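1. kindly return the folded structure for what I paste below:
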Amino acid sequence: MSLNRLLLGLTLIGGSLLLPISGMQLQAIADEVTPEMTAPASQPEAMATPPETDKVLATRLVLNLKERRVYAYQENKVLASYPVAIGKKGWETPKGNFTVMQMIENPKWKNPWNGRVSAPGPNSPLGERWIGFWTNGKNYIGFHGTPGEHVMGQAVSHGCVRMRNRDVKALYELVKTGIPVIVQ
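-> Residues are numbered from 1 along each chain as shown. Take a look at the predicted model:
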């Protein structure tokens with residue numbers, strides 16, 4: 001098997017980000033740099049959804065673009081809410097009804113301009129978690145952490161929803177793949 005098949009590289013092309021889905025490279029809209037991950041065989045936990053437990057889980061997420069906040073609901077009760085940064089003009093975060101389709105812990109980032117790979121963690125441009133919820137079959141958008149926590153409340157991304165690392169980690173623990181995400 002070739003090295004290209006062993007590595008799932010994520011590359012920014014024209015403001016778009018490649019993210020692995022089911023072992024494939026697909027394009028996703030995100031920030032100014034790109035994540036890179038090793039193949040699931042060497043990091044199975046990198047793409048795993050948190051196991052089902054008795055803990056309280058959200059039954060839906062509501063992203064209010066005007067408020068620039070995401071709300072995690074269990075039925076009609078708000079479990080948590082967090083400030084976010086959303087897509088800037090020309091790269092607006094899409095409105096509509098979606099589902100959580102992808103969850104990744106500690107993704108690595110590869111800078112598309114110089115090829116440098118950022119170590120995973122709080123200083124990675126993608127932060128410590130990725131929760132993908134939108135796709136057009138080619139591009140993907142999701143919630144992710146950021147070291148630039150001062151941007152909360154602003155429209156600064158290429159469509160993704162930036163969160164403080166501590167907030168996206170807390171949200172990650174409340175959700176699982178398949179739950180609805182309502183963007184209004």
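2. quick check: mean pLDDT of the longest helix along the chain?
-> Secondary structure of the chain per DSSP state H: the longest helix is helix 165-174. Mean pLDDT, helix 165-174: 97.
3. got it, and stretch 100-120?
-> Throughout stretch 100-120, pLDDT has a mean value of 82.
4. with stretch 135-150 instead?
-> For stretch 135-150, the mean pLDDT works out to 87.
5. hmm, back to that, show me what the longest helix of the chain is in contact with.
-> For helix 165-174, the external contacting residues (CB atoms under 8 Å, 6 or more residues apart in numbering) are 50, 55-58, 61, 70, 72, 79-80, 82-83, 103, 105, 122, 127-129, 131, 143-147, 149, 163. C-beta: built from backbone N, CA, C; applies to glycine.
6. give me the neighbour count for A72.
-> The tally of other residues near A72 (other CB atoms under 10 Å) stands at 23.
7. surely it touches L79?
-> Yes - between A72 and L79 there is a contact under CB atoms under 8 Å: 4.6 Å.
8. joint contacts of those two?
-> Residues touching both A72 and L79 (CB under 8 Å, 6+ apart) are A58, L174.
9. phi first, then psi, for T99.
-> Backbone geometry at T99, expressed as degrees, to the nearest 10, gives phi -140, psi 150.
10. oh, that last question was meant for R60, not what I typed.
-> Phi and psi for R60, reported as degrees, to the nearest 10, are phi -170, psi 160.
11. now do T135
-> Backbone torsions for T135, taken as degrees, to the nearest 10, come to phi -150, psi 150.
12. who does it bridge with?
-> Going by DSSP bridges, T135 is paired in beta bridges with Y140.
13. separation between it and E173?
-> The spacing between T135 and E173, counted by CB to CB, to the nearest Å, is 23 Å.
14. which one's more surrounded, those two?
-> T135 (19 against 16).
15. any idea how far the more buried one is from R68?
-> The spacing between T135 and R68, counted by CB to CB, is 22 Å.
16. same deal with I131?
-> Going from I131 to R68 by CB to CB gives 17 Å.
17. just want to know which of the two has more residues nearby.
-> Each of I131 and R68 has its neighbours counted (other CB under 10 Å); I131 has more, 24 against 18.
18. just give the nearest non-adjacent residue to the more buried one, would you?
-> Leaving aside its sequence neighbours, I131 sits nearest to F143 (CB to CB, 6 or more residues apart in numbering; 4.3 Å).
19. next: G148.
-> Using CB to CB, 6+ apart and skipping the chain neighbours, the partner closest in space to G148 is R162 (7.4 Å).
20. in what helix or strand does that neighbour lie?
-> Assigned by DSSP states H and E, R162 belongs to strand 161-164.
21. understood, closing this out.
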